[in-house]
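Undergrad: output the structure for:
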Amino acid sequence: MFSFRTAINIRFGHGITNGLGEELKKNNFSHVLFVIDPGLKRTGIADQAIGSLKINDVKCEIIDTVEPNPRDVTIEKAWESVKDKPIDAVLGFGGGSALDAAKATALLATNGGPLRLYNDPAAIKKPALPIIAVPTTAGTGSEVTSNAAITDSKNHYKMSFRSPYLIPALSFLDPNLLSTLPKGIAAESSMDAIIHAAEAYLSKNSNPVSDALAIEALKFLCPNIRPFVADRANKSAAESMLLGSMLAGTVIGNTGTGNAHALARALGGEYDLAHGLGCSIMFPYVVRFNFIANPLKYRDFAGLLGLNVSNCSDSSVREKLVEELFVLLEQLGVPSKLSSAGLDKVDVNKVAEIAAGNTGPNPRTTTIEDLKQLLHETE
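TA: Now for the predicted structure:
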């Protein structure tokens, strides 16, 4: 017996965001809040989308104060500045931070604050404002998920808001938007997408539907991550990465994630470490730890990564798989140690304690001591 829920509504195509205003007008949105991070706004990548809104008489208020690992106080302050406007939808344009901030703003608009109340899903009583998502990375899958990660700035804790109300009403997937991504962000976000699909496939909550989608996501992602990071203007690779990321996002909304994400969330809340980077660093060590819980599925994952392991023993598959992940990180220019990411001193006990509350469907039962050991391995 299992369940699988999805309510995605996507538009996909090169240059599709040029028609954003027309599509929103068709859906009777007339006054949107446009959430974007300041760095992305400066690039001008959103200008055509914003221009499309104006041409179609869709009024637009812009919030461009969102930081990486968006903080509750930033979102609350931003909403306070526009709450008297007749906003009927919130549009997130950017990576996971912008999309999650848009979701949190839409939640705040109808449910009231403070945002820290909503770390408990039961506290979300009312539908959020409609959410429109335009991802500019192939990574978080937030354009189709029912959750948002927001940092509690007072307690240095990354909260996870979870509700069907947070699934975007409409998502625009435009591979053209990926072409100007900096290499580092492209690499880290792409690894995040692969980790989503892999952790979903290995999750204790997996089922035949989630497995089919996770495998399909990995078929898009694994062969294309290297060519995409090498050349973000590679249209075919960008298409595959964006589709794979979306499918992986659809799956994790049902299966949850495992130890790599639990530790990355804890590190992000405590040290403001970028989410994709944290997941990437932790992933090879978590795979080595988790392997004994489901060797057959890890063998499948190795094959999807391009490894020939048909005649290998389980122990050999594990070593080849972990080695391949370290090689992949090196080729992408992503560190495999926390110290290489600027975290020379980590409070292992505190981070492990925080992460222990989020290991959920990880395939191998994990203790705080196990999490401490994983952190020590990455030092």
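
Undergrad: contacts for the strand or helix carrying residue 214, please.
TA: In the assignment (DSSP states H and E), residue 214 maps to helix 208-221. The list of residues contacting helix 208-221 from outside it, by Cβ atoms under 8 Å, 6 or more residues apart in numbering, reads 2, 4, 190, 193-194, 196-198, 200-201, 203, 206, 240-241, 243-245, 247-248, 250-251, 254-255, 300-301, 304. Every C-beta, even on glycine, is put in place using the N, C-alpha and C of the backbone.

Undergrad: show the buried residues in these.
TA: 190, 193-194, 196-198, 200-201, 203, 206, 240-241, 243-245, 247-248, 250-251, 254-255, 300-301, 304 (16 or more other Cβ atoms under 10 Å).

Undergrad: wait, what's in contact with the residue nearest to residue 207 when sequence neighbours are not counted?
TA: The shortest distance from residue 207 to any non-neighbouring residue, by Cβ to Cβ, 6 or more residues apart in numbering, is to residue 2 (3.7 Å). Contact partners of residue 2, counting by Cβ under 8 Å, 6+ apart, are 207-209.

Undergrad: of the residues you listed, which is the nearest to residue 282?
TA: Ranked by distance to residue 282 (Cβ to Cβ), these are led by residue 207 at 25.2 Å.

Undergrad: quick one: pLDDT of the closest one?
TA: pLDDT for residue 207: 96.

Undergrad: my read: it touches residue 5, true?
TA: No - using Cβ atoms under 8 Å, residue 207 is not in contact with residue 5, being 11.6 Å away.

Undergrad: center of the chain, which residue is that?
TA: Nearest to the geometric centre of the chain sits residue 140, at 1.9 Å (Cα atoms, centre = their mean).

Undergrad: can I assume that residue sits in a helix?
TA: No - counting by DSSP: H, G, I helix; E, B strand; the rest coil, residue 140 is not part of a helix but coil.

Undergrad: so how many other residues sit close to the nearest residue to it once chain neighbours are set aside?
TA: In this structure, residue 140 finds its nearest non-sequential neighbour in residue 96, 3.2 Å apart by Cβ to Cβ, 6+ apart. Residue 96: 27 surrounding residues under other Cβ atoms under 10 Å.

Undergrad: same check on residue 176?
TA: Applying other Cβ under 10 Å, we find 18 residues neighbouring residue 176.

Undergrad: what of the one 10 residues further on?
TA: Residues contacting residue 186 under the criterion other Cβ under 10 Å number 27.

Undergrad: and it, what element?
TA: Following DSSP H and E, one finds residue 186 within helix 183-202.

Undergrad: angle of that helix against helix 208-221?
TA: On the basis of axes from the mean of the first three to the mean of the last three Cα atoms, to 10 degrees, helix 183-202 is oriented at 150 degrees to helix 208-221.

Undergrad: tell me how far helix 183-202 lies from the chain's centre.
TA: 8 Å (Cα atoms, centre = their mean, to the nearest Å).

Undergrad: let me know the distance separating the nearest residue to residue 139 once chain neighbours are set aside from residue 141.
TA: Take residue 139 and drop its neighbours on the chain: the residue closest to it by Cβ to Cβ, 6+ apart is residue 189, 2.7 Å away. Distance, residue 189 to residue 141, by Cβ to Cβ, to the nearest Å: 10 Å.

Undergrad: between these two, which contacts overlap?
TA: Common neighbours of residue 189 and residue 141 (Cβ under 8 Å, 6+ apart) are residue 245.

Undergrad: returning to what we had before: between residue 207 and residue 5, which one's more packed in?
TA: Taking neighbours as other Cβ under 10 Å, residue 207 and residue 5 compare with residue 207 leading, 14 against 10.

Undergrad: list the contacts for that one?
TA: Applying Cβ under 8 Å, 6+ apart to residue 207 gives the contacts 2, 4, 254-255.

Undergrad: save those as JSON lines, and put in distance to residue 341 and pLDDT too.
TA: As requested, those are exported to JSON lines (distance: Cβ to Cβ, whole Å; pLDDT from 0 to 100):
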{"residue": "2", "distance to residue 341": "37", "pLDDT": "83"}
{"residue": "4", "distance to residue 341": "35", "pLDDT": "81"}
{"residue": "254", "distance to residue 341": "30", "pLDDT": "92"}
{"residue": "255", "distance to residue 341": "27", "pLDDT": "95"}
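
Undergrad: can you tell me which of those are in helices?
TA: 254-255 (DSSP state H).

Undergrad: helices and strands around the helix holding residue 186, which ones?
TA: Judged by 3 or more Cβ pairs under 8 Å, 6 or more residues apart in numbering; DSSP states H and E, the packing partners of helix 183-202 are helix 208-221, helix 225-230, helix 235-255, helix 259-271, helix 275-290, helix 295-304, helix 314-332.

Undergrad: thanks again, I'm all set now.
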